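Novice: no sequence on hand, only this structure:
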């Protein structure tokens, strides 16, 4: 079996992430030793993908608390539950600010905060509470892989049944952005569905959008699919309609950064465009995401905060020089190039650059989690997600 790529690797309290800004041409692991380094890595998108950033935040929190517990001279915040709470709460709040649209990050910090409160209520001392927090924080990452495998299977089997797939037949699936191992703790969500179809000989071809302006598709999804030896074809974001007109596509499968109570889904910019075109061509549109992505406190998509990225990010492109040039170390030389007129990047009014858009529930055929598949009732425009959360 081909080894999957990984976004995070750990050894004890040591945490390293692959710098996704340099992929696919350079593989560089960065050590994350502090809360501030984790925050910066998430905000700058050195690591991205809602499950992966939640895992990094939780693991860094756990590592820092674990080191405090192991110190010969324990810090003063371990002297009482109240002091521990005063120390921990601002850290969790700070980590959440790194990328607020991704609900997984908030779910992870809230889970840790609930553990803090329940351990306090149980009358535990500060050291015991801290150990509880380390345990639950590490579980955020450890549980992700099994969830991803299950939801990928749920979605793949549902799609095969939807098309009444017979032995020897294959499905072609389009995806947006990157939702594989690099975006999670392993296997992936929407790209996991594609991987499941491939592993079970049900996949014909995977199509993926470049996903400008950060090109998570052309840089990361392309790399993952090549690594997994999955038959695949890249398209520009503006080619989705043409693809549907001229090729047989059986489904669009996307991930999610936040799913509202009614099924409205925030995901990488360009997802809404693909959903509109899929509806026009009667192609099923599937959202694949863990339960932690469903935010039942948010009634609909209008209440989901949408992160806007700096205008410069939409005006530059990074990659390897072509024709190839190599440095003294044998690595391909990389460059970042501005392709817009001078000054365009200097004002946010000049560049509209949201990181996410919201796809209305009425354009979504199915929402898949590790607990099952939710469908809209006949004639309804919203989902009842109670059976899959």
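Specialist: Looks like it arrived, so ask away. The shown structure was predicted, so the numbers you read here are calculated from the model rather than taken from an experiment.

Novice: separation between residue 333 and residue 90?
Specialist: Applying Cβ to Cβ, to the nearest Å, one obtains 42 Å for the distance of residue 333 from residue 90. In short, each C-beta sits where N, CA and C put it, glycine included.

Novice: likewise residue 210?
Specialist: For residue 210, the distance to residue 90 (Cβ to Cβ) stands at 39 Å.

Novice: more neighbours: which of those two?
Specialist: Between residue 210 and residue 90, counted using other Cβ atoms under 10 Å, the more crowded position is residue 210 (22 against 10).

Novice: what about the residue nearest to that one when sequence neighbours are not counted, how many neighbours?
Specialist: Closest residue to residue 210 in three dimensions, ignoring its sequence neighbours and counting by Cβ to Cβ, 6 or more residues apart in numbering: residue 218, at 4.1 Å. For residue 218, the count of nearby residues is 21 (other Cβ under 10 Å).

Novice: and if you look at residue 323?
Specialist: 5.

Novice: now residue 22: closest residue in space that isn't a chain neighbour?
Specialist: In this structure, residue 22 finds its nearest non-sequential neighbour in residue 28, 5.3 Å apart by Cβ to Cβ, 6+ apart.

Novice: residues touching the one you found, list them.
Specialist: With contacts defined as Cβ atoms under 8 Å, 6 or more residues apart in numbering, the neighbours of residue 28 are 18-19, 22.

Novice: and it, how close does it get to residue 243?
Specialist: Look at residue 28 and residue 243: by Cβ to Cβ, they are 33 Å apart.

Novice: what of residue 275?
Specialist: In this structure, residue 275 and residue 243 are 14 Å apart, going by Cβ to Cβ.

Novice: name the residue in these two with the higher neighbour count.
Specialist: Legend: neighbour count by other Cβ under 10 Å for residue 275 and residue 243, higher for residue 275 (27 against 20).

Novice: about what we covered before: now do the contacts for the residue nearest to residue 210.
Specialist: When the contact criterion is Cβ under 8 Å, 6+ apart, the partners of residue 218 are 210-211, 234.

Novice: ok, residue 47 next?
Specialist: For residue 47, the contacting residues are 7-8, 17-18, 20, 41, 53, 56, taking Cβ under 8 Å, 6+ apart as the criterion.

Novice: can you give me the neighbour number for residue 315?
Specialist: Here the number of neighbours of residue 315 (other Cβ under 10 Å) works out to 21.

Novice: isn't it right next to residue 345, touching?
Specialist: Yes: Residue 315 sits in contact with residue 345 when judged by Cβ atoms under 8 Å, with a separation of 4.2 Å.

Novice: can you pull the residues that touch both of those two?
Specialist: Common contacts of residue 315 and residue 345, defined by Cβ under 8 Å, 6+ apart, comprise 338, 351.

Novice: could you pull out the helices for the stretch 201-350 of the chain?
Specialist: Ranges of helices in the stretch 201-350 of the chain, per DSSP state H, counting those that start in this stretch, are 216, 222-228, 240-246, 271-280.

Novice: tabulate those in CSV, adding columns for mean pLDDT and distance to residue 98.
Specialist: As requested, these are exported to CSV (pLDDT from 0 to 100; distance: least, Cβ to Cβ, whole Å):
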stretch, mean pLDDT, distance to residue 98
helix 216, 97, 17
helix 222-228, 97, 24
helix 240-246, 98, 30
helix 271-280, 98, 21
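
Novice: buried deepest among those helices, which one?
Specialist: For the helices of the stretch 201-350 of the chain, ranked by mean neighbour count under the definition mean count of other Cβ atoms under 10 Å, the leader is helix 216 at a mean of 26.

Novice: please enumerate residues in contact with that one?
Specialist: Outside helix 216, the residues within contact range by Cβ under 8 Å, 6+ apart are 48, 177-178, 268.

Novice: which one (most neighbours) among those residues?
Specialist: Neighbour tally across these (other Cβ under 10 Å): the maximum, 32 neighbours, falls on residue 178.

Novice: that residue belongs to a helix, doesn't it?
Specialist: No: Residue 178 sits outside any helix when classified using DSSP: H, G, I helix; E, B strand; the rest coil, being coil.

Novice: how about it, what does it touch?
Specialist: Neighbour list for residue 178: 48-49, 191, 211, 216-217, 219-221, 224 [criterion: Cβ under 8 Å, 6+ apart].

Novice: nearest to residue 354 among the residues you listed?
Specialist: Out of these, the one with the shortest distance to residue 354 is residue 211. That distance is 13.2 Å, counting by Cβ to Cβ.

Novice: nearest residue to the closest one in space, please, no chain neighbours.
Specialist: In this structure, residue 211 finds its nearest non-sequential neighbour in residue 217, 3.8 Å apart by Cβ to Cβ, 6+ apart.

Novice: before we move on, what about residue 325?
Specialist: Looking at residue 325 with Cβ to Cβ, 6+ apart, the closest residue is residue 333, at 4.6 Å.

Novice: buried residues in stretch 193-207?
Specialist: Along stretch 193-207, these residues count as buried under the neighbour rule (16 or more other Cβ atoms under 10 Å): 193-198, 202-203, 205-207.

Novice: as CSV, those with distance to residue 257 would be great.
Specialist: Converted to CSV, the buried residues of stretch 193-207 look like this (distance: Cβ to Cβ, whole Å):
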residue, distance to residue 257
193, 17
194, 19
195, 20
196, 22
197, 23
198, 25
202, 27
203, 25
205, 26
206, 21
207, 21
